[in-house]
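Pasting the sequence and the predicted coordinates here, then a few questions.
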Amino acid sequence: MLPTLADVLGLPAVQRARPRVVVGADRLGGTVRWVHIAEVTDLAHLLRGGELVLTTGIAMPDDPPSLQRYVDGLASAGVAGIAVELGRKYRTELPPALLEPARAAGIPVICLEREARFVEITEAVHSRVVNQQLAELRESARLHEVFTELSVEGAPPQRVLREIAQLSDCPVVLENLAHQVLVCDLNGEDPGRLLASWEARSRAVRTSGRTVHDAPSGWLVTTVGARGQDWGRLILICGAAPSPRQTMLLERAATTLALGRLLERHQESLERQTHRTIISGIIDRAYSDPEEALVRARAVGVPLGGRPLVGLVLRLREAGTGLAAQARLADTAEAVARACRELRLAALVGSVDDLRVGVLLAQPESGDLDSALHRLAERIRGRVGAEAVLAAGSTAEDVREVRRSFLEARQVGDVAAHEEPREGGRPFYRLTDLRLRGLLHLLRDDERLQTYVERELGPLLDYDARHGSDLTEMLRRYLEAGRNKALAASTAHLSRPAFYERLRRISHVLGADLDSVETCLSLHVALLALDSVRGRLAT
């Protein structure tokens, strides 16, 4: 950080000249970027801003208009201050014709009551500035090294946040776009205090740029995302205005988190990796000719051509972390592949992310797909147990339709994974099991759904957070009652006039017509989506 004018005045080389502030004693907190010695009055065009101008005053004009122009020029250049040595032109005091324009322009003026060695002053200040810049460069290189190493190691978010907390000595929080805490490292602080009413407090902190310091909360906030897709905010609870080092630290950490999300992959056997590559290529439409996937599958010993195909997803109920979770996923994929081989089912099997194993299954030659799925599900359950659920997409008559089948299976599996496992429950699940709540639950981590919730309900949620009101809950009662105001008032235990007043206020805050069926439908979907985002999926 650059030295302030107060720091410069405290240097021994300056103190020997007995500096006395005659104008702008309240402006000594401004930073000094450089020191400029000048015995001419026409120097504004030589300056870049932030300079402390040193002069004996020998060339300063005597008439007030010329002194006014001199000060105006320095003000336009943005100087940090003017230091004038007494004894040559001015004996004991500086003239009011210089001081008054400086006071009006907000430029500090210092008189040096003893003869000063200007070269010593410039050397002292410039050494401090340059040393500070070198220190910042070294710190930047150190942070770059730390977070590059974390990126290369594939460090999880918790490890990245631990590094931030240690380097900054401040609590740090990673949240999603719905203002929910994903990971935090509170650096020994009380969680009950720092995380209390987090969503409401976070909503109050608006950011207009990528990195912003919110003075009322003392939060330094930077957006996390890559490839134009933002998915969260990284927050350093630093209290006072952050230092450049803290800002740099938080931004580099955000980049590491974004890269980690892009690059995260798990190790599998070579066969599983090959299968996964083909499955991922179909899902991601990586093949210019979809038939290429069948060729590749046949090349690895899995003939899929000429038969209907179905996408299956085995979804783990719990993600887990670290090497143990990776090993469990790899073991699960191998168990599924072994079950397919034992049943003589032609299938590609490979993990598609850290929670799911994908299976591209060809319909058996017997043509009885349901029977094959039941036998496969039972065998998988015998090997994996209740810690995973099997979901099936609709049958694809062509490889071009397989992507749709996989997406359906993924949706079904994600909903089914939140059901309590029951003895004798379904061996596998299909799309027909989904309802609206389940669909919204599947999409709860999608930034587009979170944006939709904010667009529809953000003003109302912000109003409740600011005023401690319950308008969002009243809107829920109204919509769940089928827009029957009397019934809604009864369930809310309010008189009808009081409830009607709540509805009028909701309509005003949202700028919405609550008599419109389409508007209420949109708001109801947004409320259900809010429940999913907040983890309130109804069973």
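Cool, the structure landed.

give me every residue that touches residue 116.
When contacts are counted by C-beta atoms under 8 Å, 6 or more residues apart in numbering, residue 116 touches 14, 16, 17, 54, 85. (C-beta placed from N, C-alpha, C; glycine too.)

just these now: which is nearest residue 249?
Using C-beta to C-beta, residue 14 is the member of the contacts of residue 116 that lies nearest residue 249, at 32.7 Å.

Show the contacting residues for that closest one.
Residues in contact with residue 14, defined by C-beta under 8 Å, 6+ apart, are 8, 112, 116, 121, 124.

circling back to that earlier point, just the closest of the contacts of residue 116 to residue 62, please.
residue 85 (17.6 Å).

picking up where we left off before, would you mind putting the contacts of residue 116 into TSV with distance to residue 165, pLDDT and secondary structure alongside?
Output for the contacts of residue 116, formatted as TSV (distance: C-beta to C-beta, whole Å; pLDDT from 0 to 100; DSSP: H, G, I helix; E, B strand; the rest coil):
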residue	distance to residue 165	pLDDT	secondary structure
14	39	90	helix
16	44	91	coil
17	45	90	coil
54	44	93	strand
85	49	92	strand
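
and those as TSV, adding distance to residue 359?
Formatted as TSV, the contacts of residue 116 follow (distance: C-beta to C-beta, whole Å):
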residue	distance to residue 359
14	76
16	82
17	82
54	78
85	85
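
Let's see if you can find the most crowded of those.
Each of the contacts of residue 116 was scored for neighbours by other C-beta atoms under 10 Å, and residue 54 scores highest at 25 neighbours.

who does it bridge with?
Taking DSSP bridges as the rule, residue 54 bridges to residue 37, residue 83.

The helix or strand harbouring residue 350: what's the following helix or strand?
Residue 350 is part of strand 347-351, with elements assigned from DSSP states H and E. Beyond strand 347-351 in the direction of the C-terminus, DSSP H and E gives the next helix or strand as strand 356-362.

That next one packs against which elements?
helix 270-283, strand 309-316, helix 322-342, strand 347-351, helix 402-416 (3 or more C-beta pairs under 8 Å, 6 or more residues apart in numbering; DSSP states H and E).

in the longest one, what's buried?
This points to helix 322-342. Under the neighbour-count criterion of 16 or more other C-beta atoms under 10 Å, helix 322-342 has 325-326, 328-330, 332-337, 339-340 buried.

What is the nearest of the residues you listed to residue 314?
residue 336 (5.9 Å).

how much space is there between the closest one and residue 439?
Using C-beta to C-beta, to the nearest Å, we find residue 336 at a distance of 26 Å from residue 439.

And for residue 246?
Residue 246 is 42 Å from residue 439, by C-beta to C-beta.

more neighbours, the two?
More neighbours surround residue 246 than the other of residue 246 and residue 439, with 19 against 16 (other C-beta under 10 Å).

Pretty sure residue 238 is one of the things that one touches, is it not?
Yes. Counting by C-beta atoms under 8 Å, residue 238 is a contact partner of residue 246 at 5.8 Å.

need the strands for the chain, in chain order.
19-23, 34-37, 51-55, 81-85, 109-112, 172-176, 181-185, 211-214, 219-226, 229-237, 309-316, 347-351, 356-362, 388-392 (DSSP state E).

okay, the angle between the fourth one and strand 51-55?
Here strand 81-85 runs at an angle of 20 degrees relative to strand 51-55 (axes from the mean of the first three to the mean of the last three C-alpha atoms, to 10 degrees).

For residue 291, which non-adjacent residue is closest in space?
Excluding its sequence neighbours, the residue lying closest to residue 291 (C-beta to C-beta, 6 or more residues apart in numbering) is residue 399, at 6.6 Å.

tell me the domain ranges of the chain?
The chain breaks down by automatic domain parsing into domains covering 5-127, 154-263, 270-432, 447-533.

could I get the contacts of residue 14 as TSV with distance to residue 184 and pLDDT?
Formatted as TSV, the contacts of residue 14 follow (distance: C-beta to C-beta, whole Å; pLDDT from 0 to 100):
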residue	distance to residue 184	pLDDT
8	41	89
112	52	92
116	53	82
121	48	89
124	44	86
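
Neighbour-wise, which one of the residues you listed leads?
Among the contacts of residue 14, residue 8 has the most neighbours (other C-beta under 10 Å), with 26 neighbours.

Could I get the contacting residues of that residue?
14, 32, 35, 52, 125 are the contacts of residue 8 under C-beta under 8 Å, 6+ apart.

and of these, the nearest to residue 374?
residue 32 (79.0 Å).

Make sure the closest one is actually in contact with residue 80.
Yes. The criterion here is C-beta under 8 Å, and residue 32 meets it with residue 80 at 4.7 Å.

Name the residues contacting each of the two.
5, 50, 51, 52.

tell me the contacts of the third one?
Spelled out, that is residue 51. Per C-beta under 8 Å, 6+ apart, neighbours of residue 51: 32, 33, 34, 35, 36, 77, 79, 80.

send the alpha carbons of the helix or strand bottoming out on mean pLDDT in the chain over as PDB?
When the helices and strands of the chain are compared on mean pLDDT, DSSP states H and E, helix 436-442 comes out lowest with a mean of 73. The C-alpha trace of helix 436-442 is given here as PDB (Å, rounded to 0.1, in the frame of the first residue of the first chain):
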ATOM      1  CA  LEU A 436     -43.800 -30.600 -10.300                       C
ATOM      2  CA  ARG A 437     -42.100 -30.500  -6.900                       C
ATOM      3  CA  GLY A 438     -39.700 -33.200  -7.900                       C
ATOM      4  CA  LEU A 439     -38.900 -31.500 -11.200                       C
ATOM      5  CA  LEU A 440     -38.100 -28.200  -9.400                       C
ATOM      6  CA  HIS A 441     -36.000 -30.100  -6.900                       C
ATOM      7  CA  LEU A 442     -33.900 -31.500  -9.700                       C
END
